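A.B. asks: Generate a structure from the sequence data that follows.
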Amino acid sequence: MPDLGRQTILIADDTDSDRLILETIVKKEGHQVISVCDGQEAVDAYREHRPDLVLLDAMMPRLDGFEAARQIKALAGQELVPIIFLTSLSDTESLVQCLDAGGDDFLSKPYNRVILQAKIKSFSRMREMHRVVQEQRDQISRHNDQLMQEQVVAKQVFDNIAHTGCMDAPNVKYFLSPLAVFNGDVIVAAVRPSGSMMVLLGDFTGHGLPAAIGAMPLASIFYGMVQKGFSLVDVLREINLKLKQILPVGVFCCATIVDMNFAKGSIKIWNGGLPECYIYRAESGVVDTVRSTHLPLGVLDDMAFKDDCVRFEMAPGDRLYMWSDGIIESRNSQGEMFGEERLMQLFTNHVREQQQSDAVSNGIFEKILNAVHEYAEGERDDDLSLIELTMDHPERTRQQTQELASHRYGGLLEWSLSMELKPSTLRMFDPLPLLLNVLIDVPGLRTHSGTLYTILAELYSNALEHGVLELPSSWKKTPEGFERYYLEREKRVLALEEGVIQFDLDHELQAEGGILTIRVRDSGSGFEHKDNFNSEFETQEYSGRGIALLRSLCDTVQYSDSGNEVEVTFHWNSDD
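C.D. replies: Numbering: from 1, shown residues only. This is a model prediction of the structure:
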């Protein structure tokens, strides 16, 4: 830190006696003095010595004090060099001229030692404050440059992951305007192998890096699952689970996700925390609203999360509009929000214009953007996002579907799996979680995991208990027999020395889904299944309900004559 008590002071005065008086006063205070007798010498001395303070006479030969002050200030640049004008002038115009020339204060003749000392100390403190502020400014600037460089690199990664996918499709319009380098709003879109288009608009709490932290895993999960053919519900649950795991309390993602099925002319919508979206009917001009009925993503755990969607029929030309709250919360100069009423009025006015004109106009998207920008006069305090999705003819979207045909669903496509369970495994191992884990990795089957587990459990129980262990189902006709049945089951499992159960799973794709075939064979002598094959699952009996349960869940159920081999088929649809 510089010594505030000792300074270098430049004195410029063409009067020898006045200059000598000032030199004496300043030197007695312990300061170093540089003395000159005109303005030009003052400028040259400043350029050479860079003094801390300048005492400058206003009226001097060659170069007066006013011009000398201007040149010294120009040489100083951003550095603070106080200039105190030495003057006998007292009229207001002359004093203003001193200030305009760059002067910071005045010292009237004859000089008062106490006042001069006070001014020197005051400007010394001011100069030190300015030095500290400059250092802090430079430090902030360096940190900001570093932060911006880090954000530029991070944004390249972010853009590679959270790209807009198929948002350049002809039936899509979108506007995404970030408030910061990173956008709190995120738009991702992809075409499923079945040909439907899935689009997600999300609005994370906050802006910049905090928002990007959640947006990157969201986009990664979305594209990874949609392109493999997973359903809207599967994608939703996986994103919600991941955001719940990684985001801190208070950070979440309001989102609307849609699955537009061109072949069926329908759309499924899930809205969690975003403003209501509009479905505009091209023929009638009617507007259907879809309100948020769910909490945002990343708030609830998987058990409490609600994934129910609303479904609408859409004719070709019908359009869906989604937006972030930056649209309706845009404010004018009086602080009033744009609001939902003005938004709905735009649609009403558009319908009226259509009725009065034979020309077909699809300009609602542009009208919304223009109205919001005009209302806010170009100012905004939140990210602004708007999407328009048009229901198109299936023929026009077929090319996008064909582009995905070469890697349809990814991962497990058409496959077969065979697994034989031997006595040591049957005694100690439950194969159901392993088999189910394989099945839910097939896009389209994950949403049926509960049903598939029930099917596998029933098939395995019959093969183990009635086949390998040879337990009679008739024991379960009474509560006492039921207890006996399971006590004996435990005893026989622990003592098992021979017997096998074989699972054969086969999966094949169809136009809009697939077929899963499950065959189970055991080494037992079989069991009586014919009497129970046509029984109802709702029977009050303790036994005989398993086969009826299988028939209610599967498309087909076929047993061999002896009953030790069974084959079931389960059909699934990619739009489920």
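A.B. asks: For the spatially most central residue of the chain, which three-state class applies?
C.D. replies: Nearest residue to the geometric centre of the chain (C-alpha atoms, centre = their mean): residue 215, 2.7 Å. Three-state call for residue 215 (DSSP: H, G, I helix; E, B strand; the rest coil): helix.
A.B. asks: hang on, it packs against residue 204?
C.D. replies: Yes - using C-beta atoms under 8 Å, residue 215 is in contact with residue 204, at 6.3 Å. Where you see a C-beta, it was placed from the backbone N, CA and C, and this is true even at glycine.
A.B. asks: shared neighbours of the two, anything?
C.D. replies: Jointly contacting residue 215 and residue 204 under the rule C-beta atoms under 8 Å, 6 or more residues apart in numbering are 186, 253.
A.B. asks: So what pairs up with residue 503 in the strands?
C.D. replies: residue 419, residue 520 (DSSP bridges).
A.B. asks: do you know how far it is from residue 80?
C.D. replies: 84 Å (C-beta to C-beta, to the nearest Å).
A.B. asks: Confirm that residue 524 sits in a helix.
C.D. replies: No - read with three-state DSSP, residue 524 is coil and lies in no helix.
A.B. asks: Give me the residues contacting stretch 120-130.
C.D. replies: So stretch 120-130 is contacted by 1-2, 4, 7, 9, 26, 29, 31, 52-53, 79-82, 84, 104-105 (C-beta under 8 Å, 6+ apart).
A.B. asks: Now the buried members of those.
C.D. replies: 7, 9, 26, 31, 52, 53, 80, 81, 82, 84, 104 (16 or more other C-beta atoms under 10 Å).
A.B. asks: Dihedrals phi and psi, the first one?
C.D. replies: Taking degrees, to the nearest 10, you get phi -130, psi 160 for the backbone angles of residue 7.
A.B. asks: The buried ones among the contacts of stretch 120-130: which two are farthest apart?
C.D. replies: Spatial extent of the buried ones among the contacts of stretch 120-130 (C-beta to C-beta) is set by the pair 26 and 80 at 19.1 Å.
A.B. asks: What helix or strand is residue 350 located in?
C.D. replies: Using DSSP states H and E, the element containing residue 350 is helix 339-355.
A.B. asks: For this structure, which element, helix or strand, carries the lowest mean pLDDT?
C.D. replies: Sorting the helices and strands of the chain by mean pLDDT, DSSP states H and E puts helix 394-403 at the bottom, at a mean of 58.
A.B. asks: which residues does residue 337 bridge with?
C.D. replies: residue 331.
A.B. asks: Isn't it up against residue 331?
C.D. replies: Yes - counting by C-beta under 8 Å, residue 337 sits close enough to residue 331 to count as a contact (5.7 Å).
A.B. asks: Now, the contacts of stretch 120-130 that are in strands?
C.D. replies: 9, 53, 84, 105 (DSSP state E).
A.B. asks: which among these gets closest to residue 439?
C.D. replies: residue 53 (83.9 Å).
A.B. asks: Now do the contacts for the closest one.
C.D. replies: 7, 8, 9, 10, 81, 82, 83, 84, 120, 123, 124, 127.
A.B. asks: how about a cut-off of 6 Å?
C.D. replies: 9, 82, 123 (C-beta atoms under 6 Å, 6 or more residues apart in numbering).
A.B. asks: Report the lowest-confidence entry in those residues.
C.D. replies: Ranked by pLDDT, the contacts of residue 53 bottom out at residue 123 (88).
A.B. asks: What about that residue, how many residues nearby?
C.D. replies: 22 (other C-beta atoms under 10 Å).
A.B. asks: now the strand or helix carrying it, how far from the centre of its chain.
C.D. replies: Per DSSP H and E: residue 123 is located in helix 113-161. For helix 113-161, the separation from the chain centroid amounts to 33 Å (computed by C-alpha atoms, centre = their mean, to the nearest Å).
A.B. asks: my guess is residue 573 contacts residue 513, does it?
C.D. replies: Yes - Residue 573 is within contact range of residue 513, at 4.2 Å (criterion: C-beta atoms under 6 Å).
A.B. asks: more neighbours, these two?
C.D. replies: A count of neighbours by other C-beta under 10 Å puts residue 513 above the other of residue 573 and residue 513, at 17 against 13.
A.B. asks: Retrieve the pLDDT associated with the more buried one.
C.D. replies: Predicted confidence (pLDDT) for residue 513: 77.
A.B. asks: The one 10 residues further on now?
C.D. replies: With respect to pLDDT, residue 523 scores 91.
A.B. asks: Tell me how far it lies from residue 177.
C.D. replies: 68 Å.
A.B. asks: Kindly report the same for residue 304.
C.D. replies: 34 Å.
A.B. asks: now swap in residue 475 and tell me
C.D. replies: Taken as C-beta to C-beta, the span from residue 475 to residue 177 is 71 Å.
A.B. asks: Just give the number of residues close to the residue nearest to residue 29 when sequence neighbours are not counted.
C.D. replies: Nearest residue to residue 29, sequence neighbours excluded (C-beta to C-beta, 6 or more residues apart in numbering): residue 117, at 6.0 Å. A count of nearby residues for residue 117, using other C-beta under 10 Å, gives 14.
A.B. asks: How about residue 471?
C.D. replies: 20.
A.B. asks: now swap in residue 251 and tell me
C.D. replies: 18.
A.B. asks: and what of the one 10 residues further on?
C.D. replies: With neighbours defined by other C-beta under 10 Å, the count for residue 261 comes to 22.
A.B. asks: Got the phi and psi for it?
C.D. replies: phi -100, psi 110.
A.B. asks: Since that was my last question, I'll sign off now.
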